[in-house]
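Novice: Fold the following, please.
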Amino acid sequence: TTCGSGDYWLKDSDHTGGYYGSAVACGNFNGDSYYALAVGIPGYAYGETREGQVGVYNGTSTGLCCMTGPASWVFEPNLSYMWFGGSLAAGSFHSTYYDDLAVGSPQSEVWCEDPDWWYDCGSVVVFEGSWGGLEDDWSWERKGTQQDEKLGYSLATGDMNDDGLDDLLYGIPYETTYNGWIQLAFGSASGLSGYWYDYLFGCLDSNLGFSMASGNVDGVGRDEFIVGAPAYHVTYDIEDEGAAFFYNGDSPQIGWDEDSDVEGVKFGYAVAMGDFDCDNNSDIAIGAPYSDNPRPDGGYVQVFYSVY
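Specialist: Predicted structure coming up:
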């Protein structure tokens, strides 16, 4: 089928090494009922080396705008080696009328909570939506505290506490004190505030937070989320078997988990939630791209259906 004024919308980069399209997200940032497309360009450089950039293309009655012109909204941080826009997610963190945009820079080399640490600390910032579109500067930020931890490597949004506003989940998969962990910031009328966190204590190099997704498995109340840990292993006899952990929403706790029991498959490398069987409840899809069964690195995807 076709949508809008043509068969497709195509936008590419005129910037060498920009990595245009490394991340994408959709949201209604100006409240006009049309979804806009946000695109991350983490390798973008104009004045500053690898500062990164995010562009937003507004939706219209005939489809996305600006296929041959500049984006509707553009932001670049003017900091070298920020790699801004490596991950993206949209959610209504402060108002039910507008979506806001979360932008991750997991490879950021210059913006760390501790000035003694630099490379790949990572960061996440949020731009609030409004009737005029996204604001010109971010309203919330979270910086990494450890070199190479890559805060913001993955992002997901959902209403985890059933208050009508979305919350922001972000992964820190290469943090070494707890071997990967996740944090959840809660939406409010004044924006994101506070946070909850979790980690897999005693599990070496699990990379918890490498992937994440949210949905609603029981069709009522708060959302839930699934988090991948593709390097998870119970013992060194089965390294990189991988696992995925399902969390209840409010005051989250692990309600279900699954691992592969097969060395090297990296189960949980990618995760998604969606209603695949049309019963109004979210189901869970988990990828294991390095499985050797039935062929080397052939990979597989496993879907778990909601029982509600």
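
Novice: Every contact and neighbour count from this point should use C-alpha atoms.
Specialist: Will do.

Novice: Dump stretch 215-224 to CSV, restricted to CA.
Specialist: The C-alpha trace of stretch 215-224 is given here as CSV (Å, rounded to 0.1, in the frame of the first residue of the first chain):
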residue,chain,number,x,y,z
GLY,A,215,4.3,-2.4,26.2
ASN,A,216,1.3,-3.6,28.2
VAL,A,217,1.0,-7.4,28.6
ASP,A,218,-2.2,-7.4,30.5
GLY,A,219,-4.1,-4.6,28.7
VAL,A,220,-4.8,-2.6,31.9
GLY,A,221,-3.1,0.0,34.0
ARG,A,222,0.6,0.6,33.9
ASP,A,223,3.0,-0.4,31.2
GLU,A,224,5.7,-3.0,31.6
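
Novice: List the buried residues in that stretch.
Specialist: Within stretch 215-224, the residues that count as buried by 16 or more other Cα atoms under 10 Å are 215, 216, 217, 218, 222, 223, 224.

Novice: And for stretch 108-128?
Specialist: Those would be 108-113, 117-128, for stretch 108-128 by 16+ other Cα under 10 Å.

Novice: Out of these, list just those in strands.
Specialist: 123, 124, 125, 126, 127 (DSSP state E).

Novice: Closest to residue 102 out of those?
Specialist: residue 126 (4.3 Å; Cα to Cα).

Novice: Can you check the pLDDT for the closest residue to that closest one other than its chain neighbours?
Specialist: Leaving aside its chain neighbours, residue 126 sits nearest to residue 102 (4.3 Å; criterion: Cα to Cα, 6 or more residues apart in numbering). Each residue has a pLDDT score; the one for residue 102 is 98.

Novice: Is residue 102 in contact with residue 134, as I believe?
Specialist: No: in this structure, residue 102 is not within contact of residue 134 by Cα atoms under 8 Å, at 10.9 Å.

Novice: quick one, helices of the stretch 101-250 of the chain?
Specialist: Here the stretch 101-250 of the chain has no helices by DSSP state H, counting those that start in this stretch.

Novice: Give me the residue at the spatial middle of this protein.
Specialist: residue 155 (2.0 Å; Cα atoms, centre = their mean).

Novice: Next up, the contacts around it.
Specialist: Applying Cα atoms under 8 Å, 6 or more residues apart in numbering to residue 155 gives the contacts 87, 88, 89, 104, 168, 169, 170, 171, 211, 212, 213.

Novice: Kindly recompute the last result at 6 Å.
Specialist: 89, 169, 170 (Cα atoms under 6 Å, 6 or more residues apart in numbering).
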